[in-house]
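[1] My questions are about this predicted structure, shown below with the sequence.
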Amino acid sequence: METRAIKRKRKHLRVRRKVFGTAERPRLSIYKSLNHIYAQVIDDSKGETLASASTLSPEIREKVGGKKDMTAARVVGQLVAEKACARGIKKVVFDRGGYPYHGRVAAFADAARDNGLEF
């Protein structure tokens, strides 16, 4: 019997076979734990992170004020989009990490789109 985490990892590995970030269109990867949400813009061809944000970042901690729900996901999406746009990145490939596209993941993606990222 597989746990939910193992099923998610299998889905993520299946998606990662097809989703690949390049210099022109890097991968926007998301990871969420029970308490926090993390996002990275990754160039897989070089293996480097171009921009990142999480609820553990000091600039987000003061905005969120301890909330770890959809509000925090929106703030993280906004910040990672701003950081990516500052580096000249407009188009990304969205890697939802095997999570269903609803709730915090959808709020994150909508905030990233509203702040200049295309995917």
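    Cool, got the structure. Numbering: from 1, shown residues only.

[2] so residue 52 sits in a helix?
    No - counting by DSSP: H, G, I helix; E, B strand; the rest coil, one finds residue 52 to be strand, located in no helix.

[3] Now it: closest residue in space that isn't a chain neighbour?
    Computed as Cβ to Cβ, 6 or more residues apart in numbering, the closest residue to residue 52 that is not its neighbour in sequence is residue 40, at 4.5 Å. Where C-beta positions appear, they are placed from N, C-alpha and C, glycine not excepted.

[4] helix/strand/coil for the one you found?
    Per three-state DSSP, the local secondary structure of residue 40 is strand.

[5] all helices of the chain, in order?
    For the chain, applying DSSP state H gives helices covering 4-16, 58-64, 70-86, 104-114.

[6] So which of these is nearest residue 48?
    With distances scored as Cβ to Cβ, the stretch of the helices of the chain nearest to residue 48 is helix 70-86 (13.4 Å).

[7] List the contacts of that closest one.
    For helix 70-86, the surrounding residues in contact (Cβ atoms under 8 Å, 6 or more residues apart in numbering) are 26, 28, 32, 36-41, 50-55, 57, 59-60, 63-64, 92, 103-105, 107-117.

[8] Now with 7 Å, please.
    Applying Cβ atoms under 7 Å, 6 or more residues apart in numbering, the set of residues contacting helix 70-86 from outside is 37, 39, 41, 50-55, 59-60, 63-64, 92, 103-104, 107-109, 111-112, 115-117.
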